[in-house]
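> requesting a structural model of the entry that follows:
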Amino acid sequence: MNASAKSTHPPEITPASPPAGFTSATARVNGIQLHYVLGGNGEPVVLLHGWPQTWYEWQRLLEPLAAHYSVIVPDLRGFGASEKPATGYDTRTLAEDIHSLVQHLGLSRIRLVGHDIGLMVAYAYAAAYPTEVHKLVILDAPLPGVEPVWSLVKASRWHFGFNATPHLAEQLLAGRERYYLEYMYTTSAFNKTAFTAAEVDEFVRSYAAPGAMGASLQIYQAFDTSAAQNQRSALTKLPMPVLALGGDHSFGPKIVAMAELVATDVSGGSIPNCGHWVAEENPEYLLAQLLAFLP
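Residues are numbered from 1 along each chain as shown. This is a model prediction of the structure:
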């Protein structure tokens, strides 16, 4: 290679460590190896991250939540330090991974919080195991197949189609992960400087790992399967209390109405001064809402 040519490989970034009082672990569940972070004491709360993020999405909230709860924060199948198999990226299978992890940890009933893709997985979990979810929190995303929001979002979010094109996006993004991720964090935010450099670095490190970007994009490629699953699940509304929140510059104005299509006991609304990235743009407000709702 010409010595003057620029390498497309990202610089080495030290992996992020869990905050004080938390440990990192792995478990063999549902046929794959899942990574998760665990800390705190009390009733269990499971936090599910979105795309393009990992467990580290929640790092600002972990210590304050751990003062009240046992907090379990997995990397979903295909993300972060979890295994990246070739199949299994519909949200029902992703939910089964998390349910198997919960069982592995000896837990029977949980409080469940999901943002973005994590919202979709959290709904699939609650629909499959309604008696095992004490309370459900869904944050700033549509549910595949739940109309009219789903079709409107698919038509307006260009990256859904791009991410869902097998192999193309992965090849175009190889070595350019930072550009794409920073673009997504900025364009979907109301507060354009919400992410710290350390947060961006950690996500870039995770998505630049071999096979990571391609694995994560398979969730988009499985949306039609997930949509069909949700349409069947929505025939029976969720019985547990549901808190639906979205950024006031994102899904906030419509997320409660969407949740009411699939659940009987819904509260929530908009997070002020916030776009899509609720845990970074207004973590104080989100934390207050979680602490008020989860008991």
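
> what helices and strands are in contact with whichever helix or strand Ser267 is part of?
Assessed by DSSP states H and E, Ser267 sits inside strand 266-271. Counting contacts by 3 or more Cβ pairs under 8 Å, 6 or more residues apart in numbering; DSSP states H and E, strand 266-271 is packed against strand 242-247, helix 252-260, helix 283-293. Placement of C-beta: from N, CA and C, glycine included.

> distance between the longest one and the chain's centre?
It refers to helix 283-293. Distance of helix 283-293 from its chain centroid, counting by Cα atoms, centre = their mean, to the nearest Å, is 17 Å.

> buried set for it?
Neighbour counts using 16 or more other Cβ atoms under 10 Å place Pro283, Tyr285, Leu286, Gln289, Leu290, Phe293 of helix 283-293 among the buried residues.

> in JSON lines: these, plus distance to Leu47 and pLDDT.
Formatted as JSON lines, the buried residues of helix 283-293 follow (distance: Cβ to Cβ, whole Å; pLDDT from 0 to 100):
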{"residue": "Pro283", "distance to Leu47": "13", "pLDDT": "98"}
{"residue": "Tyr285", "distance to Leu47": "16", "pLDDT": "98"}
{"residue": "Leu286", "distance to Leu47": "11", "pLDDT": "98"}
{"residue": "Gln289", "distance to Leu47": "14", "pLDDT": "98"}
{"residue": "Leu290", "distance to Leu47": "9", "pLDDT": "98"}
{"residue": "Phe293", "distance to Leu47": "14", "pLDDT": "98"}
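
> what's the closest of those residues to Tyr183?
Nearest to Tyr183 among the buried residues of helix 283-293 is Pro283, at 22.2 Å by Cβ to Cβ.

> and the gap between the closest one and Glu199?
12 Å (Cβ to Cβ, to the nearest Å).

> can you show me the strands along the chain?
Here the chain has its strands, by DSSP state E, at 22-29, 32-40, 44-48, 70-74, 110-115, 133-139, 242-247, 266-271.

> out of these, the one nearest Leu172 is which?
strand 110-115 (26.0 Å).

> put the alpha carbons of that closest one into CSV.
Extracted in CSV, the C-alpha atoms of strand 110-115 (Å, rounded to 0.1, in the frame of the first residue of the first chain):
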residue,chain,number,x,y,z
ILE,A,110,-39.3,-7.9,35.7
ARG,A,111,-39.7,-4.3,34.9
LEU,A,112,-38.8,-3.8,31.3
VAL,A,113,-37.5,-0.6,29.5
GLY,A,114,-36.8,-0.4,25.8
HIS,A,115,-35.6,2.4,23.5
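
> contacts for that strand, please.
Strand 110-115 is contacted from outside by 43-50, 57, 69, 72, 102, 120-123, 125-126, 132-141, 278-279, 290, 294, using Cβ atoms under 8 Å, 6 or more residues apart in numbering.

> mind listing the helices for the chain?
59-66, 91-104, 117-128, 149-156, 158-163, 168-173, 177-187, 197-207, 212-221, 223-233, 252-260, 278-281, 283-293 (DSSP state H).

> between strand 110-115 and the second one, find me the angle.
Relative orientation of helix 91-104 and strand 110-115, computed by axes from the mean of the first three to the mean of the last three Cα atoms, to 10 degrees: 140 degrees.

> now helix 91-104: buried residues?
Thr91, Arg92, Thr93, Leu94, Ala95, Glu96, Asp97, Ile98, His99, Ser100, Leu101, Val102.

> which one of the buried residues of helix 283-293 is nearest Gln231?
Phe293 (27.3 Å).

> for the closest residue to the closest one other than its chain neighbours, give me its contacts.
Counting by Cβ to Cβ, 6 or more residues apart in numbering, Phe293 lies nearest to Leu243, which is 4.6 Å off, once chain neighbours are set aside. Leu243 sits next to Lys135, Leu136, Val137, Ile138, Val266, Ser267, Gly268, Gln289, Leu290, Phe293 when contact means Cβ under 8 Å, 6+ apart.
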